[in-house]
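Enquirer: model this:
(2 chains)
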There are 2 protein chains.
Amino acid sequence: MNIEPISLKEKFKKFNDHWSPKIIGEMNDYHFKLAKVKGDFVWHHHQETDETFFVISGKLNIELKDTKIKLNEGEMVIIPKGVEHRPYSKDECLIMLIEPKNVKNTGNIKNELTVEKETWI
Amino acid sequence: MNIEPISLKEKFKKFNDHWSPKIIGEMNDYHFKLAKVKGDFVWHHHQETDETFFVISGKLNIELKDTKIKLNEGEMVIIPKGVEHRPYSKDECLIMLIEPKNVKNTGNIKNELTVEKETWI
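Expert: Numbering: from 1, shown residues only, chains lettered A, B, ... in the order given. Below you'll find the predicted structure:
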């Protein structure tokens, strides 16, 4: 059995594209993913699951239908299933996502931002 | 619906006891927990689930039967279900745990370190 430490800093060096989550770990039927984000994402929701956003570096905004969440480094939020949300960030922000395997990044929406098959790094 | 940012820094100010995880968030049937640890924990395993350790501050060691994992700040490890492990830390270390609800901190062992009912902070 190969049980290895996962360094977020080292993993973030392995990619530079935005809004494209990379898988770094698996716990039961959940994935830990890293993403670099900048600019606007699309309004979407996940019908079947909650989704956790954890800010590793920078600032992330998540617009909801009736409010706006501002996350700084070291802060997280759990978006309940079914809740429409739109992440965006003026400057580049590094985040960790925690959610069940096979959750699509754009949820109920399919567009040019949709990642059909997320890859491990 | 009340969806709030969770600041790990603020949450860590709310307790000082060691080896006693506090719940800070819920995602589906999983909990995010914070713990302050120092000294030796007990050998144990979790028969039904993997368990994630994420180091927020300090250094955490996790002894396995055949090796030792050293985690620095910003590093995580996922201990597969059934794997015997023993966390320890010379100096105080702040960690986040991610695991299904109702997982006991000492797994298959019951002793003075066992927290029967973990509380929200």
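Enquirer: can you pull out the strands in chain A?
Expert: A:6-7, A:22-27, A:30-40, A:51-57, A:60-64, A:68-71, A:75-79, A:85-100 (DSSP state E).
Enquirer: chain neighbours aside, what residue packs nearest to residue A:41?
Expert: Excluding the flanking residues, the one nearest residue A:41 by C-beta to C-beta, 6 or more residues apart in numbering or on different chains is residue A:87, at 4.5 Å. C-beta here means a position set from N, CA and C on the backbone, and glycine is covered the same way.
Enquirer: please look at residue A:121 and residue A:23 and confirm they touch.
Expert: Yes. With contact defined as C-beta atoms under 8 Å, residue A:121 reaches residue A:23; the gap is 7.2 Å.
Enquirer: what's the distance between residue A:35 and chain B?
Expert: For residue A:35, the distance to chain B equals 16 Å [C-beta to the nearest C-beta, to the nearest Å].
Enquirer: what residues are up against that residue?
Expert: By C-beta atoms under 8 Å, 6 or more residues apart in numbering or on different chains, the contact set of residue A:35 is A:18, A:19, A:20, A:21, A:22, A:94, A:95, A:96, A:97.
Enquirer: pick out the most distant pair among these.
Expert: For the contacts of residue A:35, the maximum inter-member distance is 15.2 Å, found between A:18 and A:96 (C-beta to C-beta).
Enquirer: neighbour-wise, which of those two wins?
Expert: With other C-beta atoms under 10 Å in any protein chain shown as the criterion, residue A:18 and residue A:96 differ in neighbour count, and residue A:96 comes out ahead with 22 against 15.
Enquirer: may I have the beta-bridge partners of the more buried one?
Expert: residue A:34, residue A:54 (DSSP bridges).
Enquirer: so where's chain A shaky on pLDDT?
Expert: Under the criterion pLDDT under 70, the flagged ranges of chain A are A:1.
Enquirer: next, count neighbours for residue A:99.
Expert: Residue A:99, neighbours per other C-beta under 10 Å, totals 23.
Enquirer: how about it, nearest residue that isn't a chain neighbour?
Expert: Counting by C-beta to C-beta, 6+ apart, the nearest residue to residue A:99 once its immediate chain neighbours are dropped is residue A:51, at 4.7 Å.
Enquirer: ok, that neighbour - contacts?
Expert: With contacts defined as C-beta under 8 Å, 6+ apart, the neighbours of residue A:51 are A:78, A:79, A:81, A:97, A:98, A:99, A:103, B:27.
Enquirer: how close does the most centrally placed residue in chain A get to residue A:68?
Expert: With distances taken as C-alpha atoms, centre = their mean, chain A has residue A:97 as the residue nearest its mean C-alpha position (3.9 Å). If you measure residue A:97 against residue A:68 using C-beta to C-beta, to the nearest Å, the figure is 19 Å.
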